[in-house]
Every structure is written in structure tokens, then in C-alpha cells.
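S.K.: output the structure for:
(2 chains)
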Amino acid sequence: MKNIHFFCCALLVLLVSTNIASAKTYKVAVSQIVEHPALDATRQGLLDGLKAKGYEQGENLDFVYQTAQGNPAIAVQIAKQFVGEKPDVLVGIATPTAQALAASTRTIPVVFTAVTDPLGAKLVKSLEHPGANVTGLSDLTPVAQHVDLMQELVPGLKAIGVVYNPGEANGVTLVELLKKAAKAKNIKVVEGSALKSADVQFAARIIASKVQVIYAPTDNTVASAIDALIGVANQAKIPVVGGSTSFVANGAVASLGFDYYQVGVQTADYVDAVLKGKNPGDMAVGFAKGSDLFLNMKVADKLGISISDELLKRASNIIK
Amino acid sequence: MSLFAFLGTLEIGLIYGLVALGVYLTFRVLDFPDLTVDGSFPMGGAVAATAIVAGVNPWLATGFAILAGAACGLVTAFLAVRCGILHLLASILTMIAAFSINIRIMGRPNIALLGENTIFTSIEKFGIDPLYGNLGMVFVIVLLVAFLILRLLSSDFGLALRATGVNDAMVAAQGGSVGYYTYVGLALSNGLVGLAGALFTMSNSFADVTSGVGTIVVGLAAVILGQTLLSGRQLWVAVIAVILGSILYRLAVAFALSTGMFGMQASDLNLITAVLVAAALIVPKMKSKVRAKISRRKTK
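M.R.: Prediction:
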């Protein structure tokens, strides 16, 4: 019995002390579906973006982070855990984690990021006026511009290959947009599906002989195995064009898209506004800005691709 | 752990308790290692979500989910009994096929149910806090299912079902059909898993095709954990044990999620969960060993 008393007292002290602490610091709880470079960069960008706005981890910011390691059931449990901790803002990185958070609370503000289609995921009722407690940043990449870029790189382009996970909402949305954009230009799209990152290499190998360029969407499965995809493509002497600028450092010839670190920094604006008391329901959903063109001349030379001066001028970063 | 997180953990634990019951039926009762659950769990969610979005009554949609799960079980049974494919491989084939079928059913990999009517929103109308309402609803459903399964297993039919797992030659010698009991057992098991998938989807407002990953691992862990900690020969003990095992497993995950302060990082989650479950399995054994040693010493 004494033990129980002691335990209760200790629990009480613990509860009270955490309450005092949270009165001074802002608690931001981040739930991420899986760890891979692009999403990790988003999280880091968010943390640094908050720092730039005067939220210092350990001082006036309590930045907690969990990953579901790719398992939606765990994402749900993380959501319940976080909501129970009553943070000031919940941040969901990628679709299933954002959905799990949004389903777990109707009061605590939820900011999503790196979600390609927030309307389709029913995170918000409308992009302009989300209405409820959820808003955030979409990472919808300019797919039509990607098709233009591929045409510029490969004159007389007839077939684009794309590897994606048909089990992932982000990837499916992007490939639908790709097909629409390519059809308008009379270009064929050859799909290779990879259900897990281990399948990416195989899928790339299957489509490599049928296409002139491989498009790497910002699909979480592909992003996790981007090296495998680029390795196969470069062996087959086919350029890879990516939706995330980080892919260029891995050996893609060109990428037009966001630096996911910057996506995180832009997400910090939403988190900051919510911490300052703004209602998420009144904040329109944003689209990640600043699609930069990155080029990799080393790979271009190896594959014998000539890059026009005009493209070089547009590029914001060139790897030589 | 906060109350909210604790109640949420109980809810997920109970939902996966249905998976554990299903796995208990195949692995333990029928002695048929069945991995179909990785496919029938998301299928239950996919069918329920698709039906609800199409305007079907949520209870009816849940019924469809159970039937869809059962159909997965029947396919595995067909492959194993009729086509003579090794049971493990038969269930793997159904599992991987279900992934594609689930995307076909939903038309896309993820369907959201936020704002749609589910069996959980139907009780919210009575002014019950969803925090307790959802848990209460899941509790009642799991209790009801456990009761029905118990009744079934104690009937003559259930006796034959259990006998099939223990000694199928004897069942055949008594004029029973081993194939028949395999069909029914697998359909029953995967129907339960389909129900779990539907409940999971409705409670969390989304169906995702990847939500089936590792369902069998969780189910098996729950069965073994529960039966190790609560051993007994009676059927009702086993049924309660596997559901408790599932809740314990979820508590282990919840605990692993809140260990951030010990220098653990988020990616250590699976490792911590594994260590906790292993500890839960080893400790009782050590205890009995120590007890045996002490009693041996006393007799000396």
C-alpha cells in the first residue's frame, strides 16, 4: 500500500513539474511515416526554420519526434500518444501520419507537410478555407514542367519511364499528373511498380530498355532507394530526372523541384503562425515554393547528354 | 503515459485482439500457419472504406469487410486443400495478391474517411465523448466476438475443428472432412481479421493499403505473449489470453514510444518493442527456473 502511495505522489510531482515546464515552452510534436533523406531534410528544415523564428530547442521549444517506420498502425499509436501529451502544434510529415493526427484530435492544431494531395487525403475540406484544426503545406511538384525539362534534355523524346509505388498515395497522384502531361505532348509513359524499396532496382531494370529517360517522382519508396534507381539507369546509359533536388547529388542528371529542407523551413511559417494563436482553419493550404533546377554535369558528360546554355543559365546549382 | 494515449493504446490493442484471435484459430487450433492476415486486414479496411464512401450503411459495410476477409481465407484454403500447395506458401500467395486487389477495390492506395459516417460516429450522436465511446464500442464488439468464438469452439463442430489441428488422421477416420474444417477455420479466422481491419479504418478515418504490413507478426506476438503469461488448458483462458497479449504488445509499443528521455532515438522503436516483448516472455520462465532451483535446494 505504501508503495502505491509513493508511486502516486511521484506521478503527481512528475505531472505538475511537466505542466510548469510547458507553460513556458512551446511543444511541437512531429510524426513522420518513415525515415528517408527527403523527409528527414523536411524535419531538419522545420527545426531550423523554427530556430530562425526564435524558437530554440531546449529553451522555449520542446520539439518531439517519432517515426512510424513505415507502419500505419504505429502512426496511429504515435498520434494517440502525441495528442495525449497536449502539444501546442502537431506536425504530420507525409499522408498517413497527417491523417492519423487529424483523426485523433479536433482541437489541437495539426500542420501537415510533404503531403501531395491534401484534398484527396481529406485532410482539408477546401484549400483556401480548411475550416477545421488542420492546415499545412503540399509538396505537389510541377510535373508538367518536369516533362518540359525531359524534352529539353532528350530531343525527340518518345517514352518516359517512371518507377513508383502504386501503394502510396503521393506516388499515384504524381504518376497520374505525369501521364496527363505526357499525353498532351504525345509521349508514352512506361510504368514500373515497386511495392517496397527493395523492388526499385528490379523495376528500373525492367523499364530501362523501353525508355529514353527515367523520371523519379517524390515517392517515399523511390526516394528510399534512389541510389538503386540511378545506378541501374546510368548503367543502361539513360538519364534520370527527379522531382527532388537532392536526387542530383545521388547522380540524377537534372532535378526540378524543392529542396525538402526548404519545404521544412516553409512549414515553420505555419507552425509559427499557429503558435502565435492563429486558427489553422483560417490559413489556406500552401504549396511548396521555389522549384529550383539542379544539374549534374559529371553524369551528363558520362551519358553523352549535351546541356544547352539556356538550361545552364536557369540552373541554380550545378555539380561539375 | 497520458490518459488519452492509454485509452488509444487499449483501443488499438483490442482491435488487434481480433487479429490475435484469428491467428490463434489458425496457428493454434487448426495448426495451419496462415500469413493471409497481412492481406485480409487491409482488405477489411479497404472494403469498409470504399463501401462507406459509396454511401453504404457503416454496419453493412463492416459486414462486407468480414465477408471479404473470409473470402481471402477461403482462397488460401482452396490453394492449400484443393491445389495441394504448402500451407505457408498458399497463404503468402493470397497475401501478395490481396495487395493488388486492395488497390483495385479502393481505386487508389489510400481512402480517407474523415467526416464520413462510421459505426463510431453513430454513437457520437448520443453525446458520448468519442474518447470513451470508441473504446467502449470496440470493447463490446471484441467481447461479443470472443463469446461467439468460445461458444463455437465448445460445440461439437468446434471439437471437430480442434481435432483437425491435433490429429487430422483421426478426424478423417471418424468420417469428418479435414478439407471442410480447413475451409471453415480459415474463413472464420480471416473474417475476424477483416473485421479488425474495418474497425481500425473506421476508428482512424483512413484505409491505407500498407496498413497490412506486419499484421501476422503482431498477431503471433500477441498469441505467444498472451499464452505464455496466462497459461491454462481451458478454452476461455486461451481466448482471453490472446486478447490480453495483443493489448500488452501495444502497451510495449506505447512504452517504447515514450522512452525518448533515455537517449533513445525515434528509429529505435522497433528494437525497443522487440526487447520489451522478449523480456515479457523470458521473465516468467526465469522466475519458474529460480523457483525450481529453490525448491530443489529445499529438498536437499
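S.K.: for burial, what's the neighbour tally of residue A:318?
M.R.: Neighbour count for residue A:318, taken as other Cβ atoms under 10 Å in any protein chain shown: 16. Placement of C-beta: from N, CA and C, glycine included.
S.K.: paired strands for the host helix or strand of it, with orientation please.
M.R.: Applying DSSP states H and E as the criterion places residue A:318 in strand A:317-319. Partners of strand A:317-319 in the sheet, by DSSP bridges, are strand A:292-296 (parallel).
S.K.: show me what whichever helix in chain B runs longest is packed up against.
M.R.: When chain B is parsed with DSSP state H, its longest helix is helix B:269-299. Packing partners of helix B:269-299 (3 or more Cβ pairs under 8 Å, 6 or more residues apart in numbering or on different chains; DSSP states H and E): helix B:215-229, helix B:235-257.
S.K.: residue A:156: how many residues sit nearby?
M.R.: If you count neighbours by other Cβ under 10 Å, residue A:156 ends up with 6.
S.K.: gap between it and residue B:87?
M.R.: For residue A:156, the distance to residue B:87 (Cβ to Cβ, to the nearest Å) stands at 54 Å.
S.K.: looking at the helices and strands packed on helix B:269-299, spot the one closest to chain A.
M.R.: The minimum distance between chain A and the helices and strands packed on helix B:269-299 falls on helix B:235-257, with 5.1 Å, by Cβ to the nearest Cβ.
S.K.: give me the angle between that closest one and helix B:215-229.
M.R.: 120 degrees (axes from the mean of the first three to the mean of the last three Cα atoms, to 10 degrees).
S.K.: tell me what helix B:235-257 is packed against?
M.R.: helix A:72-84, helix B:3-23, helix B:130-154, helix B:215-229, helix B:269-299.
S.K.: from the chain's centroid, how far away is it?
M.R.: Relative to its chain's centre, helix B:235-257 lies at 11 Å (Cα atoms, centre = their mean, to the nearest Å).
S.K.: pLDDT (mean, whole number) over that helix?
M.R.: Confidence for helix B:235-257, expressed as mean pLDDT, is 90.
S.K.: next one, pLDDT for residue A:101 please.
M.R.: Listed pLDDT for residue A:101 reads 94.
S.K.: with residue A:258 instead?
M.R.: Confidence score, pLDDT, at residue A:258: 80.
S.K.: now swap in residue A:18 and tell me
M.R.: 47.
S.K.: ok, residue B:182 next?
M.R.: 94.
S.K.: the strand or helix carrying it packs against which elements?
M.R.: Here residue B:182, judged by DSSP H and E, is contained in helix B:178-204. Judged by 3+ Cβ pairs under 8 Å, 6+ apart, helix B:178-204 is in contact with helix A:72-84, helix A:95-104, helix B:3-23, helix B:37-53, helix B:58-77, helix B:130-154, helix B:156-166, helix B:168-173.
S.K.: tell me the buried residues in it?
M.R.: B:178-179, B:181-204 (16 or more other Cβ atoms under 10 Å in any protein chain shown).
S.K.: just stretch B:50-66 next, same as before
M.R.: For stretch B:50-66, burial by neighbour count (16+ other Cβ under 10 Å) applies to B:50-53, B:56, B:58, B:61-66.
S.K.: where's residue A:132 relative to chain B, distance?
M.R.: In this view, residue A:132 and chain B are 9 Å apart by Cβ to the nearest Cβ, to the nearest Å.
S.K.: and that residue, that's in a helix?
M.R.: No - applying DSSP: H, G, I helix; E, B strand; the rest coil, one finds residue A:132 to be coil, outside a helix.
S.K.: please name the nearest non-neighbouring residue to it.
M.R.: Distances taken as Cβ to Cβ, 6 or more residues apart in numbering or on different chains put residue A:281 closest to residue A:132, at 5.4 Å, once the chain neighbours are dropped.
S.K.: same question, residue A:124
M.R.: Leaving aside its sequence neighbours, residue A:124 sits nearest to residue A:130 (Cβ to Cβ, 6+ apart; 3.9 Å).
S.K.: with residue A:57 instead?
M.R.: Spatially, and ignoring its direct neighbours in sequence, residue A:57 is nearest to residue A:63 (5.1 Å; Cβ to Cβ, 6+ apart).
S.K.: do residue B:257 as well
M.R.: Closest to residue B:257 by Cβ to Cβ, 6+ apart is residue A:81, at 5.1 Å.
S.K.: burial of the one you found, as a residue count?
M.R.: 25.
S.K.: correct me, but it touches residue B:256?
M.R.: No - if you go by Cβ atoms under 8 Å, residue A:81 and residue B:256 don't touch, sitting 10.3 Å apart.
S.K.: report the contact partners of residue 78.
M.R.: The chain I'm using is chain A. Taking Cβ atoms under 8 Å, 6 or more residues apart in numbering or on different chains as the contact definition, residue A:78 lies against A:31, A:66, A:68, A:97, A:100, B:257.
S.K.: meant chain B, my bad for not saying
M.R.: Residues in contact with residue B:78 (Cβ under 8 Å, 6+ apart) are residue B:183.
S.K.: that one and residue B:42: what is the separation?
M.R.: As judged by Cβ to Cβ, residue B:78 and residue B:42 stand 21 Å apart.
S.K.: ok, now residue B:60?
M.R.: The gap separating residue B:60 from residue B:42 is 20 Å, by Cβ to Cβ.
S.K.: I'd say residue A:106 and residue A:134 touch.
M.R.: No - the criterion here is Cβ under 8 Å, and residue A:106 misses it with residue A:134 at 9.2 Å.
S.K.: between the two, which has more neighbouring residues?
M.R.: residue A:134 (29 against 11).
S.K.: gap between the residue lying closest to the more buried one once chain neighbours are set aside and residue A:36?
M.R.: For residue A:134, ignoring the flanking residues on the chain, the nearest one in space by Cβ to Cβ, 6+ apart is residue A:110 at 4.5 Å. Using Cβ to Cβ, we find residue A:110 at a distance of 22 Å from residue A:36.
S.K.: quick check on the closest residue to residue B:185 other than its chain neighbours: phi, psi?
M.R.: Distance criterion Cβ to Cβ, 6+ apart; nearest residue to residue B:185, sequence neighbours excluded, is residue B:30 at 4.3 Å. The phi/psi pair for residue B:30 (degrees, to the nearest 10) reads phi -90, psi -10.
S.K.: count of neighbours near residue B:30?
M.R.: 26.
S.K.: kindly report the same for residue A:58.
M.R.: By other Cβ under 10 Å, the burial measure for residue A:58, its neighbour count, is 8.
S.K.: quick one, what contacts it?
M.R.: Counted by Cβ under 8 Å, 6+ apart, residue A:58 has zero contacts.
S.K.: perfect, that will be all.
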